[in-house]
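# sharing a model prediction with you, sequence too.
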There are 2 protein chains.
Amino acid sequence: MTAHALPDPADLGWALGRAVQRYQDLAARKLGALPSGIRGFRVLSTVAAGSGCSQLEIATHLGIDRTQMTYLVDDLATAGLLERQPHPTDRRARTLVLTATGEELLGHLERAMAEVEGYLMAELSAGERDTLRALLLRVSVAAAAEPAPNGDALGPCAAIEQLLG
Amino acid sequence: MTAHALPDPADLGWALGRAVQRYQDLAARKLGALPSGIRGFRVLSTVAAGSGCSQLEIATHLGIDRTQMTYLVDDLATAGLLERQPHPTDRRARTLVLTATGEELLGHLERAMAEVEGYLMAELSAGERDTLRALLLRVSVAAAAEPAPNGDALGPCAAIEQLLG
DNA sequence: TATTGTTATACTCTATAACTATA
DNA sequence: TATAGTTATAGAGTATAACAATA
């Protein structure tokens, strides 16, 4: 550990990456044996909030591919936390609903994850936490609204190819 | 697409995940052929800011394991963007320095990534962007200060084991 | 013909341990 | 004995394409 000055990055990417890293680390420790960890929690949470939604709707909301959603739902169903039920109007689709155990566990999970969020934002005042949450939510809602399809949102940086080519 | 109401999550985890997803998506498209994409960019950026740092110092700052850092540096060196040099005082360590090409490219990359950040935060006013950046930075600096070792920062949620056990 | 869900394959990323050379 | 860097292995996670059932 020589005493070189490490950069003080004003880089949003660095901050985002570090925050997510910490969040995942704390959450993984909290969630313990929950199938699929954070993703499992988010599926449970979304199913509870949007009861009657199909697998694809949940997946789209979470930014998860539908092929992965199958495995997630499999694991959560095996653990007895949710069930697949026939969709009332579309026989291709499956509706997801929480079991009694799933609902009970979700209550605990939400409190546990609130602790994680609090710990992550321990440096901030209550008002600052609300501000961060609100700003991040606006950014993310906009991001979720135009997912991958918008291919040419930002063209590639031509200089890269030139200097590396 | 049935007309079920999708949840409007006040969940910080959802927002963080979505924002990062979008950021990575945009950045990957921008960075094109740059070795190791975003991580490659961050290494270059950190090397430039903390010139004379060892591989391990760079890795620690970025939250990257030292075994992965080897591959990252290999790729960037092969592309002619940086070089390993003997450390002046510690013969075990390697100092990383950008090549002329690396410095030139980094200038382009920084402008490109600034575009990505602007696009990601398009919903926000200039003042709100600064606020988001500042709050996120405070959270991340604190997170980086106490990395993984702090094992029992938050104990596991006992109810999970009980209900799943 | 398009869409929901499933399955199978391969590929990428990451975590772990072991090795070397220095300190 | 501990640390910086490297290498190799296995495991988790992810992307892709193909299939069956239904719209």
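Great, that's in hand. Numbering: from 1, shown residues only, chains lettered A, B, ... in the order given.
# DNA strand D contacts on chain A?
Contact residues (Cβ under 7 Å from any atom of the strand) of chain A with DNA strand D: A:1, A:36, A:37, A:39, A:65, A:67, A:68, A:71, A:90, A:91, A:92. (Glycine included, C-beta is placed from N, CA and C.)
# mind checking if whichever strand or helix holds residue A:18 is in reach of DNA strand C?
Element membership of residue A:18, judged by DSSP states H and E, is helix A:12-31. No: if you take Cβ under 7 Å from any atom of the strand as the test, helix A:12-31 misses DNA strand C, and the best it gets is 8.5 Å.
# how far does the very next helix or strand once past that helix sit from the chain's center?
Using DSSP H and E, the next helix or strand after helix A:12-31 towards the C-terminus is helix A:37-49. Between the centre of helix A:37-49 and the centre of its chain there are 9 Å (Cα atoms, centre = their mean, to the nearest Å).
# helix A:37-49 close to chain B?
Yes: applying Cβ under 8 Å from any Cβ of the partner chain, one finds helix A:37-49 touching chain B at A:38, A:41, A:42, A:45, A:46, A:49.
# tell me the pLDDT at the last one?
By that I understand residue A:49. Note on residue A:49: pLDDT of 92.
# helices along chain A, start to end?
A:12-31, A:37-49, A:55-62, A:66-78, A:100-120, A:126-145, A:158-164 (DSSP state H).
# for chain A, what are the low-confidence residue spans?
Where chain A drops to pLDDT under 70, the residues are A:1-10, A:147-153.
# from chain B, how far off is residue A:101?
For residue A:101, the distance to chain B equals 6 Å [Cβ to the nearest Cβ, to the nearest Å].
# contacting residues for the closest residue in space to that residue that isn't next to it in sequence?
Leaving aside its chain neighbours, residue A:101 sits nearest to residue A:80 (5.3 Å; criterion: Cβ to Cβ, 6 or more residues apart in numbering or on different chains). Each residue near residue A:80 by Cβ atoms under 8 Å, 6 or more residues apart in numbering or on different chains is listed here: A:99, A:101, A:102.
# which residue does chain A have closest to DNA strand D?
Nearest to DNA strand D in chain A, going by Cβ to the nearest atom of the strand, is residue A:91, at a distance of 3.2 Å.
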